[in-house]
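Colleague: task: produce atomic coordinates for the following.
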Amino acid sequence: MSTTTAYPVAGMTCGHCVTAVTEEVSALPGVTGVDIDLVPGGTSQVTVTSDQPLDRDAVAAAVDEAGYQLTDA
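Modeller: Numbers count the residues shown, from 1 in each chain. Modelled structure (predicted):
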């Protein structure tokens, strides 16, 4: 059974941002899909599908590694 969770991410502005975040989050164990609704200059939604619930801190670390940050929005 898969789990889908949306995370708000600040600082993303372009396709390169989407690629960077997708690569980092996809590398997390159990992740089967990453879909990003890019909002340049705003808060983008990163929707992650995984075969088990993910630890928010692990997702935050992956997003941080790509150069962006999860927000509470």
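Colleague: who does Q45 bridge with?
Modeller: Per DSSP bridges, the residues bridged to Q45 are P8, D37.
Colleague: count the residues that sit near it.
Modeller: Applying the criterion other Cβ atoms under 10 Å, we find 14 residues in the vicinity of Q45. Quick note: C-beta positions are derived from backbone N, CA and C, even for glycine.
Colleague: same check on A62?
Modeller: A62 has 24 nearby residues by other Cβ under 10 Å.
Colleague: what helix or strand is it located in?
Modeller: If you go by DSSP states H and E, A62 is part of helix 56-65.
Colleague: same question, A6
Modeller: In this assignment (DSSP H and E), A6 forms part of strand 3-10.
Colleague: so which elements touch the helix or strand following that strand?
Modeller: Once strand 3-10 ends, the next helix or strand along the chain (criterion: DSSP H and E) is helix 15-26. On a contact count with 3 or more Cβ pairs under 8 Å, 6 or more residues apart in numbering; DSSP states H and E, helix 15-26 meets strand 31-37, strand 43-50, helix 56-65.
Colleague: buried stuff in the helix holding A62?
Modeller: 59, 62-63 (16 or more other Cβ atoms under 10 Å).
Colleague: same question for stretch 16-30.
Modeller: Neighbour counts over stretch 16-30 (16+ other Cβ under 10 Å) mark 17-18, 20-22, 24-25, 28 as buried.
Colleague: in a markdown table: those residues, plus distance to T5 and pLDDT.
Modeller: As requested, the buried residues of stretch 16-30 are arranged in a markdown table below (distance: Cβ to Cβ, whole Å; pLDDT from 0 to 100):
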| residue | distance to T5 | pLDDT |
| --- | --- | --- |
| C17 | 19 | 95 |
| V18 | 18 | 97 |
| A20 | 19 | 98 |
| V21 | 14 | 98 |
| T22 | 15 | 98 |
| E24 | 16 | 98 |
| V25 | 11 | 98 |
| L28 | 12 | 98 |
